[in-house]
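>>> okay, predicted coordinates and the sequence, questions at the end:
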Number of protein chains: 2
Amino acid sequence: MRHKVEKLRINYKTLEDFKKFKQYGQQELSMLEDLEANMIENDSDSPFYGIYFGDKLVARMSLYRIQAKYDRYFEPRQDYLELWKLEVLPDYQGRGYGKALVEFAKTFGRPIKTNGRVNSSEFWNSMGFTPATYDVERDRGENPFVWYPTGVKEQEN
Amino acid sequence: MRHKVEKLRINYKTLEDFKKFKQYGQQELSMLEDLEANMIENDSDSPFYGIYFGDKLVARMSLYRIQAKYDRYFEPRQDYLELWKLEVLPDYQGRGYGKALVEFAKTFGRPIKTNGRVNSSEFWNSMGFTPATYDVERDRGENPFVWYPTGVKEQEN
């Protein structure tokens, strides 16, 4: 089964759609405020990608490019993608939506880092991610999982 | 009701106790590996604080001092505390254990930053924390809440 991943635009409809997701927080509130204050245009680019079922947003993730100078995970040091807020609405789980979003993220060919939520390690392992060696200074309360494209390995700390 | 907060020691008993908490992840696994490989001593200091009920660890948090040069939240720029993995075991919730841990963290007199979990904003507000202005570069997928001691305010970005 194939799912079409779309880059989401910031507008009132998208932000209303976001309210259905559990991981709705200050990022979304900040986007809404910026829109209301005309600090950004309706239909600005967002770091979010999603999948629609009909006209309903049923899955989303945020994908953000981190510059090489901030890279503390990968060798050689390079621009990489940070992935967060991967979430599928409860009624749509188990149909490959989450997998489709992660596979889409891989198509950029860049290393990916994510913070694995509680009990998510089986999912990330199945997607070819591996746990990064934990470093308290760098990772604080995170459970970092990383995906290495060919030729990339873990950075020595 | 007063609860006694203790700095936890890293040893096999503590790490066994940690398994009862939901937010058990790579940080705890890494501590266990370090202990097994004799890379740290039994009874080393950890960034964890906890509360015992009898000899049972029923609540914990991690508290870690971040150096001023990395401070992107507070004005004037200074060493601050990052708080994470605040958690009370289900049977012990609603008795003020979480509150006691956060109040303890405040006694250091330093600013505190935490990443609020889903639906936690009411708790953090009640503890005197405020949402930090969201910044995608800095905060990624986090919901940062901060506590300002007297004389400290939000850093302009």
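On my side now, so go ahead. Numbers count the residues shown, from 1 in each chain, chains lettered A, B, ... in the order given.

>>> what's the separation between residue A:9 and chain B?
Counting by Cβ to the nearest Cβ, to the nearest Å, the gap between residue A:9 and chain B amounts to 16 Å. Bear in mind the C-beta positions are built from the backbone N, C-alpha and C, glycine included.

>>> what secondary structure does that residue sit in?
strand (DSSP: H, G, I helix; E, B strand; the rest coil).

>>> I figured it was touching residue A:46, is that so?
Yes. With contacts counted by Cβ atoms under 8 Å, residue A:9 reaches residue A:46, the gap being 6.8 Å.

>>> what's the burial count for residue A:154?
For residue A:154, the tally of surrounding residues (other Cβ atoms under 10 Å in any protein chain shown) stands at 14.

>>> where's the nearest residue to residue A:101 once chain neighbours are set aside, which helix or strand?
Among residues not flanking residue A:101 along the chain, residue A:61 sits closest, at 4.7 Å (Cβ to Cβ, 6 or more residues apart in numbering or on different chains). Applying DSSP states H and E as the criterion places residue A:61 in strand A:56-66.

>>> who's more crowded, residue A:9 and residue A:46?
Set residue A:9 next to residue A:46 and count neighbours by other Cβ under 10 Å: residue A:46 wins out with 23 against 14.

>>> show me where chain A has helices.
A:12-18, A:26-36, A:97-106, A:121-126, A:136-139 (DSSP state H).

>>> how about the shortest one: buried residues?
For helix A:136-139, a neighbour-count test (16 or more other Cβ atoms under 10 Å in any protein chain shown) marks residue A:139 as buried.

>>> do stretch A:76-83 as well
A:80, A:81, A:82, A:83.

>>> cool, and stretch A:48-67?
In stretch A:48-67, counting by 16+ other Cβ under 10 Å, buried: A:48-51, A:57-64, A:66.

>>> with stretch A:3-20 instead?
Across stretch A:3-20, burial judged by 16+ other Cβ under 10 Å covers A:3, A:5, A:8, A:10, A:11, A:14, A:15, A:17, A:18.

>>> list just the nearest of these to chain B.
Chain B lies nearest to residue A:10 out of the buried residues of stretch A:3-20, by Cβ to the nearest Cβ, at 11.8 Å.

>>> closest to residue B:115 among the buried residues of stretch A:3-20?
For the buried residues of stretch A:3-20, the closest approach to residue B:115 (Cβ to Cβ) belongs to residue A:18, at 18.6 Å.

>>> might one say that the closest one is in contact with residue A:24?
Yes. Taking contacts as Cβ under 8 Å, residue A:18 lies within contact range of residue A:24: 5.7 Å.

>>> residues touching the residue nearest to residue A:101, list them.
Contact analysis of residue A:61 by Cβ atoms under 8 Å, 6 or more residues apart in numbering or on different chains lists A:48, A:49, A:50, A:83, A:84, A:85, A:86, A:87, A:101, A:102, A:105.

>>> who does the nearest residue to residue A:86 once chain neighbours are set aside bridge with?
Leaving out its chain neighbours, the residue that sits closest to residue A:86 by Cβ to Cβ, 6+ apart is residue A:61, at 4.2 Å. Residue A:61 forms beta bridges with residue A:49, as assigned by DSSP bridges.

>>> can you check the one 5 residues further on too?
The partner list for residue A:66 in beta bridges (DSSP bridges) reads residue A:80.

>>> for residue A:5, which non-adjacent residue is spatially closest?
Nearest to residue A:5 is residue A:104, by Cβ to Cβ, 6+ apart, at 4.2 Å.

>>> so that neighbour touches residue A:49, yeah?
Yes. Residue A:104 lies in contact with residue A:49 (Cβ under 8 Å); the separation is 6.6 Å.

>>> find residues that contact each of these two.
Each of residue A:5 lies in contact with both residue A:104 and residue A:49 under the rule Cβ under 8 Å, 6+ apart.

>>> quick one: the most centrally placed residue in chain A from chain B, how far?
Ranked by distance to the mean C-alpha position of chain A (Cα atoms, centre = their mean), the top residue is residue A:83 at 2.8 Å. Per Cβ to the nearest Cβ, residue A:83 is found 9 Å from chain B.

>>> quick check: that residue touching residue A:113?
Yes. Residue A:83 lies in contact with residue A:113 (Cβ under 8 Å); the separation is 7.2 Å.

>>> quick one: residues contacting the nearest residue to residue A:23 once chain neighbours are set aside.
Leaving out its chain neighbours, the residue that sits closest to residue A:23 by Cβ to Cβ, 6+ apart is residue A:85, at 4.8 Å. Residue A:85 is in contact with A:21, A:23, A:27, A:48, A:60, A:61, A:62, B:141, counting by Cβ under 8 Å, 6+ apart.

>>> okay, residue A:85: pLDDT?
At residue A:85 the predicted local confidence, pLDDT, stands at 97.

>>> measure it to residue B:56 for me?
35 Å (Cβ to Cβ, to the nearest Å).
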